[in-house]
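Undergrad: What follows is a protein structure lacking sequence information:
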């Protein structure tokens with residue numbers, strides 16, 4: 001009998017298992033894949049993600065996988081390109097972008113080191129119940145080819161956007177929106193890149209960033225209604241998109257693509273109810289968003305943190321378990337809904353709102369304010385102070401005076 005069974009040993013599940021094991025709980029962590037293994041997903045971690053990794057003692061092991069820190073950003077939406085430098089607060093950089101094999105391995109190793117039991121190549125086939133309360137899992141271990149039943153006080157589904165656990169309990173969908181974009185990406189050598197680069201044009205968005213082993217990731221997003229055309233000529237569409245940026249096209253064509261093009265086309269937008277009697281959902285299983293704002297991993301880390309705290313409170317008797325899980329849902333929703341709606345709006349790949357363009361124009365010749373803009377946008381300093389109406393008005397007025 002376990003305290004907790006976690007299904008899925010990727011970033012949400014491994015982190016949840018690690019935090020629960022560090023709190024002294026008996027945890028079983030299972031995954032149907034043979035670990036470690038690469039998965040073709042986006043992997044830029046920013047916002048609150050790097051700070052959590054640093055707090056848990058995991059940022060340095062991730063950097064030790066030959067993954068560079070990202071401390072600068074270039075943002076170009078066809079207006080006034082803005083650049084921020086030295087974006088580090090208390091030793092924590094703006095972002096990191098480890099490949100998923102390296103990231104997931106660091107997290108799984110940390111979970112095992114904390115005391116979680118890992119079983120990869122373990123496929124969950126069904127669930128056990130006592131009335132309406134989930135009590136465990138039934139699965140097949142590929143190594144022994146045996147069918148086993150394991151029980152726990154709570155079962156956590158960290159099994160992705162197509163979560164089998166969510167389907168089994170018919171987890172209600174709280175928010176939902178149609179797919180907005182499709183993405184294709186690959187990795188290049190000899191493509192100089194020292195920080196995050198973000199380019200937006202009508203109907204297109206491009207992310208460029210450094211990753212493990214001196215490679216550069218190139219991710220290009222298109223409207224979902226162009227999927228058939230893009231799929232028919234992926235390379236042609238990517239090259240025509242980067243060529244429209246000028247210098248970026250030259251850099252990409254001067255580099256060497258080291259891997260095939262990967263596609264991410266099944267990108268729903270939803271929030272599910274993440275808890276019920278004896279079960280909980282975390283990561284993409286509970287909330288999935290378009291990749292535009294790169295929220296996936298950082299929000300998975302945050303939600304794992306919130307869920308582990310709630311389970312700890314419930315199993316330690318500090319409050320009833322079901323009440324603790326209900327608070328997890330409330331805290332998750334409060335944390336994620338503003339970004340969920342902002343992300344949906346930006347994923348339409350339309351022009352920036354006029355007020356955004358006015359602020360960007362005001363920042364063009366003000367490097368100090370530009371740095372503060374990026375730090376505030378990333379939550380590395382208090383965003384309310386920077387985006388206070390008086391501050392924004394003063395920045396715009398100051399820029400008008402300087403240009404007069």
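TA: That came through fine. On a predicted model such as this, the values are computed, not experimentally measured, just so you know. Numbers count the residues shown, from 1 in each chain.

Undergrad: max-length strand in this protein?
TA: If you go by DSSP state E, the chain has its longest strand at strand 146-157.

Undergrad: Which positions in it come out as buried?
TA: 150, 152-157 (16 or more other CB atoms under 10 Å). No exception for glycine: its C-beta is placed from N, CA and C like everyone else's.

Undergrad: do the same with stretch 17-31
TA: So, applying 16+ other CB under 10 Å, buried residues of stretch 17-31: 17-23, 25-31.

Undergrad: How about stretch 39-46?
TA: For stretch 39-46, by 16+ other CB under 10 Å, it's 41-46.

Undergrad: Between the residues you listed, which sits nearest residue 61?
TA: residue 45 (13.5 Å; CB to CB).

Undergrad: Number of residues surrounding residue 122?
TA: Neighbour count for residue 122, taken as other CB atoms under 10 Å: 23.

Undergrad: On the strand side of things, show who it bridges to.
TA: residue 141 (DSSP bridges).

Undergrad: Pull up the gap between it and residue 159, please.
TA: Residue 122 sits 12 Å away from residue 159, going by CB to CB, to the nearest Å.

Undergrad: can you tell me which residues contact the nearest residue in space to residue 205 that is not next to it in sequence?
TA: The shortest distance from residue 205 to any non-neighbouring residue, by CB to CB, 6 or more residues apart in numbering, is to residue 221 (4.3 Å). Applying CB atoms under 8 Å, 6 or more residues apart in numbering, we find residue 221 in contact with 181-183, 204-207, 291-292, 347, 349.

Undergrad: which other residues reach stretch 338-352?
TA: So stretch 338-352 is contacted by 77, 79, 175, 177, 180-181, 200, 202-205, 221-223, 269, 271, 287, 289-290, 292-293, 295, 299, 360 (CB under 8 Å, 6+ apart).

Undergrad: Show me these that map onto helices.
TA: 299, 360 (DSSP state H).

Undergrad: ChimeraX command for the buried members of the contacts of stretch 338-352?
TA: A single ChimeraX command selects the buried members of these (16+ other CB under 10 Å):
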select :77,180,181,200,204,205,221,222,223,269,271,287,289,290,292,293,295,299,360
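
Undergrad: Please spell out which residues along the host helix or strand of residue 342 are buried.
TA: According to DSSP states H and E, residue 342 maps onto helix 321-346. Of all the residues in helix 321-346, those buried under the rule 16+ other CB under 10 Å are 321, 324-325, 327-329, 331-333, 335-336, 340, 343-344, 346.

Undergrad: just stretch 178-190 next, same as before
TA: 179-188.

Undergrad: Averaged pLDDT, it. What do you get?
TA: Average pLDDT, stretch 178-190: 98.

Undergrad: how far out from the middle of the chain is that stretch?
TA: 15 Å (CA atoms, centre = their mean, to the nearest Å).

Undergrad: measure residue 298 to residue 212 for me?
TA: To residue 212, residue 298 is 18 Å away according to CB to CB.

Undergrad: When those two are compared, which one has more neighbours?
TA: Using other CB under 10 Å, the more surrounded residue of residue 298 and residue 212 is residue 298, with 24 against 19.

Undergrad: which residues touch that one?
TA: Contacts of residue 298 by CB under 8 Å, 6+ apart are 45-49, 52.

Undergrad: Pick the one among the residues you listed closest to residue 99.
TA: Nearest member of the contacts of residue 298 to residue 99, counting by CB to CB, is residue 45, at 11.7 Å.

Undergrad: Correct me if wrong: that closest one contacts residue 295.
TA: No: using CB atoms under 8 Å, residue 45 is not in contact with residue 295, being 10.2 Å away.

Undergrad: domains of this structure?
TA: 2-43+99-173+269-346, 181-264 (automatic domain parsing).

Undergrad: and of those, who's closest to residue 62?
TA: Between these, domain 2-43+99-173+269-346 lies closest to residue 62; by CB to CB that is 5.4 Å.

Undergrad: rewinding a little: list just the nearest of the buried residues of stretch 178-190 to residue 37.
TA: residue 187 (16.6 Å).

Undergrad: pretty sure that closest one is touching residue 260, no?
TA: No: the pair residue 187 / residue 260 is not scored as a contact, 9.6 Å apart, by CB under 8 Å.

Undergrad: If we ignore the residues flanking it in sequence, what's nearest residue 143?
TA: Nearest to residue 143 is residue 121, by CB to CB, 6+ apart, at 6.0 Å.

Undergrad: ok, back up a step: out of the buried residues of stretch 39-46, which is nearest to residue 279?
TA: residue 41 (24.2 Å).

Undergrad: now the buried residues of stretch 17-31 in JSON lines, with distance to residue 112?
TA: Below are the buried residues of stretch 17-31 laid out as JSON lines (distance: CB to CB, whole Å):
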{"residue": "17", "distance to residue 112": "9"}
{"residue": "18", "distance to residue 112": "9"}
{"residue": "19", "distance to residue 112": "13"}
{"residue": "20", "distance to residue 112": "13"}
{"residue": "21", "distance to residue 112": "8"}
{"residue": "22", "distance to residue 112": "12"}
{"residue": "23", "distance to residue 112": "15"}
{"residue": "25", "distance to residue 112": "14"}
{"residue": "26", "distance to residue 112": "13"}
{"residue": "27", "distance to residue 112": "10"}
{"residue": "28", "distance to residue 112": "12"}
{"residue": "29", "distance to residue 112": "8"}
{"residue": "30", "distance to residue 112": "13"}
{"residue": "31", "distance to residue 112": "12"}
